[in-house]
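A.B. asks: take this sequence and fold it.
(chains A and B)
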Amino acid sequence: MAEPGHHGVPHAQAGEFDNAELVHPKTFLGKYVWSQDAKVIAIQYGITAIAIGLVALVLSILMRLQLGFPNTFALIDPSSYLQYVTMHGMIMVVYLLTALFLGAFGNYLIPLMCGARDMAFPYLNMLSYWFYLAAVLILLASFFVPGGATGAGWTLYPPQAISPGTPGVDGGILLMLASLGVFIAGFTMGGLNYVVTVLQARTRGMTLMRLPLTIWGIFMATVMALLAFPALLVAILMMLCDMLLGTSFFMPEMLNLGEQSTHAGGSPLLYQHLFWFFGHPEVYIVALPAFGIVSDILATHARKNIFGYRMMVWAIIIIGVLSFVVWAHHMFISGMNPYFGFLFATTTLIIAVPTAIKVYNWVLTLWRGNIHMTVPMLFAIGFIFTFVNGGLSGLFLGNVTVDVPLADTYFVVGHFHMVMAVAPVLVVFGAMYHWYPKITGRMLDDTLGKIHFWVTFLGTYAIFYPMHFMGFAGVPRRYYGYGETAYIPDSIQTLNAFMSVAAIIVALVQLVFFYNLIRSYFRGREAGPNPWQATTLEWQTEHTPPRHGNFGAELPVVYRWAYDYGVPGAKHDFIPQNMPPDEVEKVDPMSQETAQGRLPS
Amino acid sequence: MAIAVAVIVLAVGSVLFFFLSPWYLTPLASNWGTIDDTITITLWVTGAVFLAVNLFLAYVVVRYRFNKRRRSQYDPENKSLELWLTGLTTLGIAGLLAPGLLVWGAFVSPPEEAHQVEVVGQQWHWSFRFPGEDGRFGAAHNRFIGERNPFGMVDDPAGQDDILITSPHLVLPVDRPVKMVLRSKDVLHNVKVANFRAKMDMVPGQTSYFWFTPTVVGEYEIVCAQLCGIAHFAMRGRIEVVDQEVFDAWLGEQPTYADLAQLAPGDPEAGAERYATCAACHGAEGQGNQALNAPKLAGLDAWYLERQLGLFRSGARGSHEDDTYGQQMRPFATMLPDRQAIADVSAYIETLPDQPTEASLADGDPERGARRYRTCANCHGQQGEGIRATNGPRLAGLPDWYLERQLQNFRHGVRGRHRDDPYGNQMIEMAQVLVDDRAVRDVVAYITTLPQPRVDMAAVNTGGVEE
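C.D. replies: Down below sits the predicted model:
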C-alpha cells in the first residue's frame, strides 16, 4: 500500500522530451497568435471565454430586467426573452465554463503541474483554440441573422427547436447547431491532448497518485467530455438532417401552426436521451475541475495536507463514471416510461455519496489547519457554502417524486445556478487570484479582490436562494411574464424586483475584477516565483511567468505527493513536490520555533 | 472571521427564511399529500445537513485561523472517520430515497376505478376529451387533424360518443381519481396545476399520463410547464373541481364527436336576412363606419365572427363597464337566437367583398411596429392573414382606429378579462408586450401596411354571395 506521502522510487515516463527539442517561436505571431505554447493557448482560451461570457452576463441582466420590471422595456419581447434565456444558458455552460476549465485552466496547468514541457500535441492544441474561436464567432453571428438567435431553450428540444412558433427557426438554430459541431471538433482536439499529456508526459516520479487534485479533476472531466460530447454531436447532426433533409429522427407527425408537417415517426424523446447523455456528464465536466482546483486552493492556503487524498481521487472517478448513468433524472416528467424513474432516482441519489464525501474532506482539510484568509481562500469557502446549498437542493430534484412538483419551476433554476453556475464560477475567481501571480508575475490587489468576493458571494446568494421558494410556490420557469396567474401571489413580483437589483449589482462588481486584472498586470506587486509557498510544480519553475518549455534546462523530478504542508519535523511548513528527501531542512531540535508565517499578509 | 460570521448568518438565515417567508407550496388540492410529505422529509434531512456542515465550517474557520505560532496538523487520512461519514451519508440518502420510490410506485399506478380524460396540447391552447358512455377513447391521430376535425378523430365507432371540449376549461368531479392521458398536436407541452402537484410532459407522436384525485372543490389554473414557443407563458387554462352531480350536468351539456359532425354549417343565405340589422352600423357590405364606431367586418373569417358573436351574446365580451362600444354591440348579438343563427350570419359576412381600408392614424412608425409585430405574427400570421389553428384572427385590412382601440382595451383589461373568454385572456397577456401608447400605434401602423387582399371584382358585382 503506497502512502501518499511516501518517497517512492522515481521512474521514467514515456513521452518525456527535452527543452532542446522544443522549437521556440521567434516572431510575434508565432509567440502570441499562432502559438503552440499551452500557456499562451490557455490565455487565448481564457480571454475568449470571458469575452463571450460577458455577452451571456449581459443577456442575464436583460432577462432580469424583464422579470423584475415587466412591461417596461420595449426592447424585450417574448421572442427576445427566449433568445436571451437560450443563449445565456448555452454560452455559460459550454462556451464559458467548459472552455474556461478545460481550455484555459487545463492548458495552463496540466503541463506545468505534471512537470511536462508542453502538451503532447502542441499543433493540435493550437488548432483546438482556433476551432473554439470559430465556434464562438458562429454563435455570435446567430444574433444577426434574420429572425435572430434560437429561442428554443439551451436544451434545444425538438420539435420546437426547429418548428414555427419558436424564435430563430430560420437561421438561428442552424448556426447554433453548426457552432456546437465546430466546438465539439475543437474540444476533441484539445481533450485528446489533455488526456494523453496527463497519461504520458508526466515527469519522473509523478505517479498518478501524486497528481494534484486539480489535474485529477481536469483529467476526469476531459475523459468524460470526450465520451459525452459525441452524443451531443450525434443529436445535432440528426436534428440538422430533420431540418434540412426532411428526415424524421426526432420529428413525429405533427402540426406546424395548423399546417400538417411532412415528418412522420420520429421521437422527440430520443433527442432528450441523447442530449442528457451529454448534458448530465456536462454538469460534472464543469464541476470536477472546480472540485479539483478548490481542493488545491484549500490545501495551499490552509497550509494543510488535503484530507483523504485517495478518497478524493476515487470520489472523482466514481462521480465521473456514475454521471453517465443518471441522465434521465432530467426527464422524470418528460413522458418517457415512468418506470425508468425508479432506476434513475436511485443512481442519482447514490452519486450524492461520493459528492458528500468531497465536501466533508474539504471541510476536514481546513480542520486543524492554519488558515490564511487570502482572497483565493475566501472564494474557496464561498464555494463550499454555495455548493453545499446547491448539492442539497439536488437531493430534491433527483428524488423522482419530489421532482414532480418542482420540475420546470424556479426551484430548478435556483438549484442549477447554485451548483453549476455560482459554485464553479467562485472557483474560477479563486483560481484566478491564486494563479494570476504565476501567469503574470504580479499579485492581484487584495482590497479589490475582497470587494469582488463579498459582493459576488452575497449577491449571488440573494439572487438564487429565493428562487427555490418561487419554485415551491410553483412559479414556472422560461416565462416571459406572469400576468395574473391565480396561484402566484403578488409578493413574488416584489421578490423578482429584489433579485433583479441584486443581479445588476453582482454584474457591476465584476467590473472591479476586470479593473483589478488589468491594473495589476502593470502595477501589481511583484509576486516572486512562489508567493503562496505552494508545493506543486508550477510554483517551482525557473522563470515567472514560465517561458516556453515551462521548466529550465532539466525537468523537475518528483519525490512526494502534492500536499506536504505542515510535515512534522520539517523546518518549513511546506515541501515542494520536487524537493529530494535529503534536501528537506529538518527542525533544529533545540529551537522552539516550529511555526512558519511567511505568507504576505 | 468575517467569512465565518457570513457563513453562520447565511446558514441560519436561510433556515429562518424558510420558516418566515410567505412563499411555500400552494394549498394542496389533490391526493398527493404524500408528495408533500417527501418534500418535508427532504427539507428536514437536507436542512440538518446544511446547518451541520456550514456551522462546522464556520467553527473550523474561526478555530483554525492563521496563527504564527501554530502549524497545521499533518493528517493525511483518517480511515474510521471517513468510513463513518460515508456510512452516515449513505443512510441519510437511503432514508430520502425509500419514501421517494414508494410514492413514485403509487404515482405510476393509476387506480383501476380512475376515469379518464384526454388532454390535448397545442401551441398555445388546451383542449380535452372524455371517452363518453362506452368508456373508451376513439382512435385519434395528428395526421387527421384539420379545420373540421381539431382532435384528429379517426373514423372509429368508439369515438362517436367521445365528448370534445374545445375550450381550455375543464370540469372534474371531486374525490374521484382521474387518469389524465396526454398528447400533443405539435411541440412539447406540460399540463400543470400547482395545487395538484402532479404533472407530465405531453409529447407529439405518443401519449403519456399521470393521475390524481382532486380533493378540494374549487377553481385551479392550468399553466404550461414545458417551453413550447413564444406564447408559452400565455398558455393557460382552468380546471374546476365540482361535486359529482354538477359534473354530470356539465358533461351532459358538452357535445360529442357525433353531435359536432352533424352540426349544420352556416348558411349564408339565411345569414343575409339576419345581417340586415347589422348593416345599419357596419354597412351593407360590412365596410364599417368609423363615425358610428362600427368596425369593418368584411374580410374576417366566419370562425372568428362566430366566436365573437358568441362572446357578445353570452356577455363574455362587451360587459366591461369601460367597454362603451362593446356594450352597444351586446343587445344586437343577443337578438341572435341560437348557435345556428350565429353560424349563418357569420357565414354571410365571410362572403362580403373585402375592400381595402384607408389609414386614419398618422403618428405610428411602421418600422418600429414591424419589430413589435414579430410577437403577433406567431398567432396572427406573418402577413396578418390570421391562423385558425392558433385562434388568431385576421388583422390585415382591419381599420387602424379599431385595432388601436382593441389593443388598448386588451392592455387595460377592458376586453378579454372575462373568465369565459380564454383567447381574450391570452391577448391580455400578449398585449403587455406593447409597453406604451406609442408601441400600440407603431404596431397598428405596421399592420396597416400588410397586404390587403385584392378586390375581387366579380364577387363585388354579384354581391359576393356564391351560389
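A.B. asks: for the rest of this, base every contact and every neighbour count on C-alpha atoms.
C.D. replies: Noted.
A.B. asks: not counting sequence-adjacent ones, nearest residue to residue B:297?
C.D. replies: Once flanking residues are discounted, residue B:297 sits nearest to residue B:286: 4.9 Å by CA to CA, 6 or more residues apart in numbering or on different chains.
A.B. asks: pLDDT wise, what is the one you found at?
C.D. replies: Per-residue confidence (pLDDT) for residue B:286: 91.
A.B. asks: got the contact list for it?
C.D. replies: B:279, B:296, B:297, B:298, B:349, B:352 (CA atoms under 8 Å, 6 or more residues apart in numbering or on different chains).
A.B. asks: for chain A, what's its nearest residue on the stretch 351-467 of chain B.
C.D. replies: residue B:389 (4.6 Å; CA to the nearest CA).
A.B. asks: hang on, the earlier thing: shouldn't the residue nearest to residue B:297 be within a strand?
C.D. replies: No - membership of residue B:286 in a strand is not supported by DSSP: H, G, I helix; E, B strand; the rest coil, which gives coil.
A.B. asks: got phi/psi on it?
C.D. replies: With angles defined as degrees, to the nearest 10, residue B:286 sits at phi 70, psi 20.
A.B. asks: again with residue A:371
C.D. replies: phi -80, psi 120.
A.B. asks: over to residue B:117?
C.D. replies: Note on residue B:117: backbone dihedrals following degrees, to the nearest 10 are phi -130, psi 130.
A.B. asks: thought it was touching residue B:131?
C.D. replies: Yes - Residue B:117 lies in contact with residue B:131 (CA atoms under 8 Å); the separation is 7.2 Å.
A.B. asks: who are the packing partners of the helix or strand where residue B:329 lies?
C.D. replies: Using DSSP states H and E, the element containing residue B:329 is helix B:324-334. In this structure, helix B:324-334 packs against helix B:302-314, with contacts taken as 3 or more CA pairs under 8 Å, 6 or more residues apart in numbering or on different chains; DSSP states H and E.
A.B. asks: using CSV, write out every CA atom in stretch A:574-582.
C.D. replies: The C-alpha trace of stretch A:574-582 is given here as CSV (Å, rounded to 0.1, in the frame of the first residue of the first chain):
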residue,chain,number,x,y,z
PHE,A,574,5.6,23.1,3.0
ILE,A,575,7.9,20.8,1.0
PRO,A,576,7.7,21.2,-2.8
GLN,A,577,7.0,18.1,-4.8
ASN,A,578,10.4,18.2,-6.4
MET,A,579,12.5,18.6,-3.3
PRO,A,580,14.6,15.5,-2.7
PRO,A,581,14.2,13.9,0.7
ASP,A,582,17.7,14.6,1.7
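A.B. asks: do that stretch and chain B meet?
C.D. replies: No - figure legend: stretch A:574-582 not in contact with chain B (CA under 8 Å from any CA of the partner chain); closest approach 10.5 Å.
A.B. asks: mind showing which ranges of chain B have poor pLDDT?
C.D. replies: Within chain B, the ranges that satisfy pLDDT under 70 run B:453-467.
A.B. asks: what about the helices in it?
C.D. replies: B:2-20, B:33-63, B:79-107, B:244-253, B:257-262, B:268-282, B:302-314, B:324-334, B:339-351, B:366-380, B:400-411, B:422-431, B:437-449, B:457-461 (DSSP state H).
A.B. asks: so what sits against both of residue B:117 and residue B:131?
C.D. replies: By CA under 8 Å, 6+ apart, residue B:117 and residue B:131 have no common neighbours.
A.B. asks: what's the closest non-adjacent residue to the closest residue to chain A within the stretch 51-200 of chain B?
C.D. replies: Closest contact between the stretch 51-200 of chain B and chain A, by CA to the nearest CA, is at residue B:72 (4.2 Å). The spatially closest residue to residue B:72, leaving aside those adjacent along the chain, is residue A:369, at 4.2 Å (CA to CA, 6+ apart).
A.B. asks: would you map out the domains in chain B?
C.D. replies: Domains of chain B are assigned by automatic domain parsing as B:2-64+B:80-107, B:115-262, B:266-353, B:357-451.
A.B. asks: and for residue 189, the neighbour number?
C.D. replies: Went with chain A since none was named. Other residues near residue A:189 come to 20 when the count uses other CA atoms under 10 Å in any protein chain shown.
A.B. asks: the chain in question should be chain B.
C.D. replies: 33.
A.B. asks: then the one 5 residues further on?
C.D. replies: For residue B:194, the number of neighbouring residues by other CA under 10 Å comes to 26.
A.B. asks: tell me the contacts of the nearest residue to it once chain neighbours are set aside?
C.D. replies: Leaving aside its sequence neighbours, residue B:194 sits nearest to residue A:474 (CA to CA, 6+ apart; 5.6 Å). When contacts are counted by CA under 8 Å, 6+ apart, residue A:474 touches A:405, A:406, A:409, A:410, A:488, B:25, B:26, B:194.
A.B. asks: for residue A:474, give me the pLDDT.
C.D. replies: So residue A:474 comes in at 94 (pLDDT).
A.B. asks: need the contact list for residue B:429.
C.D. replies: By CA under 8 Å, 6+ apart, residue B:429 lies in contact with A:481, A:483, B:234.
A.B. asks: again, only this time at 7 Å
C.D. replies: Residue B:429 sits next to A:483, B:234 when contact means CA atoms under 7 Å, 6 or more residues apart in numbering or on different chains.
A.B. asks: verify the stated contact: residue A:548 with residue A:37.
C.D. replies: Yes - proximity of residue A:548 to residue A:37 meets the contact threshold set by CA atoms under 7 Å, at 6.3 Å.
A.B. asks: which one of these two is surrounded by more residues?
C.D. replies: Ranked by neighbour count (other CA under 10 Å), residue A:548 and residue A:37 place residue A:37 first, with 27 against 20.
A.B. asks: so which residue is smack in the middle of chain A?
C.D. replies: Compute the mean C-alpha point of chain A, and by CA atoms, centre = their mean the closest residue is residue A:286, 3.4 Å away.
A.B. asks: can you tell me the closest non-neighbouring residue to residue B:304?
C.D. replies: The shortest distance from residue B:304 to any non-neighbouring residue, by CA to CA, 6+ apart, is to residue B:393 (6.1 Å).
A.B. asks: ok, now which ones touch that neighbour?
C.D. replies: B:304, B:380, B:386, B:387.
A.B. asks: for residue B:198, what are its contacts?
C.D. replies: Residue B:198 neighbours (CA under 7 Å, 6+ apart): A:404, A:405, B:210.
A.B. asks: can you do 10 Å?
C.D. replies: Listed by CA atoms under 10 Å, 6 or more residues apart in numbering or on different chains, the contact set of residue B:198 reads A:333, A:401, A:403-406, B:30-32, B:35, B:107, B:191-192, B:210-212.
A.B. asks: ok, now residue B:280?
C.D. replies: Contacts of residue B:280 by CA under 10 Å, 6+ apart are B:286, B:288, B:289, B:292, B:294.
A.B. asks: go on, residue A:455?
C.D. replies: Contacts of residue A:455 by CA under 10 Å, 6+ apart are A:461, A:502, A:505, A:506, A:507, A:508, A:509, A:510.
A.B. asks: selecting buried members of these in ChimeraX, what would you type?
C.D. replies: Here is the ChimeraX selection string for the buried members of the contacts of residue A:455, based on 16 or more other CA atoms under 10 Å in any protein chain shown:
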select /A:461,502,506,507,509,510
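A.B. asks: that older thread, in JSON lines, list the domains of chain B along with distance to residue A:57.
C.D. replies: Below are those laid out as JSON lines (distance: least, CA to CA, whole Å):
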{"stretch": "domain B:2-64+B:80-107", "distance to residue A:57": "25"}
{"stretch": "domain B:115-262", "distance to residue A:57": "22"}
{"stretch": "domain B:266-353", "distance to residue A:57": "43"}
{"stretch": "domain B:357-451", "distance to residue A:57": "23"}
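A.B. asks: does the closest residue to chain B within the stretch 351-500 of chain A belong to a helix, a strand or coil?
C.D. replies: Using CA to the nearest CA, the single residue of the stretch 351-500 of chain A nearest to chain B is residue A:369, 4.2 Å away. Classification of residue A:369 by three-state DSSP places it in coil.
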